[in-house]
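Undergrad: Need coordinates for the below:
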Amino acid sequence: QVQLQESGPGLVNPSQTLSLTCTVSSGSILTNIYSWTWIRQPPGKGLEWMGAITNTGNTYVSPSLKSRTSISRDTSKNQFTLQLSSVTPEDTAVYYCARGVAVTGIRTLEVWGQGTLVTVSS
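TA: This is a model prediction of the structure:
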């Protein structure tokens with residue numbers, strides 16, 4: 001069964017770039033029909049879809065984050081990554097990676113990583 005695991009620093013300074021990696025095991029990010037997604041949940045708030053990368057490498061990013069967000073992949077390592085630039089304390093959240101069958105949205109996400117808390121603070 002496919003598993004996803006987020007990794008990256010738990011603390012990021014304001015104005016810096018947040019970088020997270022999602023490692024996929026027991027499944028390939030090249031598998032047809034699947035998209036690989038980043039979601040976050042700030043403390044006390046709901047889930048926010050951030051963006052996704054498809055099995056063909058196409059990327060989709062939330063319009064509200066588009067100017068600061070980059071999603072990429074390393075097929076040799078079966079990983080995909082999130083970079084969020086110019087972070088502020090409002091970017092503090094639990095960040096999740098997930099697999100789904102749609103390129104946008106949260107409803108069709110079927111496999112999730114456990115999530116990693118990233119705090120933006122000096």
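Undergrad: and the most centrally placed residue in the chain, what is it in contact with?
TA: For the chain, the residue nearest the mean C-alpha position is Trp38 (2.5 Å; CA atoms, centre = their mean). Contacts for Trp38 (CB atoms under 8 Å, 6 or more residues apart in numbering) come out as Leu20, Cys22, Met50, Gly51, Ala52, Ile71, Leu82, Tyr95, Tyr96, Cys97, Ala98. Where you see a C-beta, it was placed from the backbone N, CA and C, and this is true even at glycine.
Undergrad: Relative to the whole chain's centre, how far out is the one helix or strand the last one maps to?
TA: This means Ala98. According to DSSP states H and E, Ala98 maps onto strand 93-100. Its chain's average C-alpha position is 5 Å from that of strand 93-100, according to CA atoms, centre = their mean, to the nearest Å.
Undergrad: CA atoms only for it, dumped as PDB, please.
TA: The C-alpha coordinates for strand 93-100 follow below in PDB (Å, rounded to 0.1, in the frame of the first residue of the first chain):
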ATOM      1  CA  ALA A  93       0.700  25.200   9.800                       C
ATOM      2  CA  VAL A  94       0.700  21.400   9.600                       C
ATOM      3  CA  TYR A  95       1.700  20.600   6.100                       C
ATOM      4  CA  TYR A  96       0.500  17.400   4.400                       C
ATOM      5  CA  CYS A  97       1.200  15.600   1.200                       C
ATOM      6  CA  ALA A  98      -1.400  13.400  -0.300                       C
ATOM      7  CA  ARG A  99      -2.300  11.400  -3.400                       C
ATOM      8  CA  GLY A 100      -5.500  11.900  -5.300                       C
END
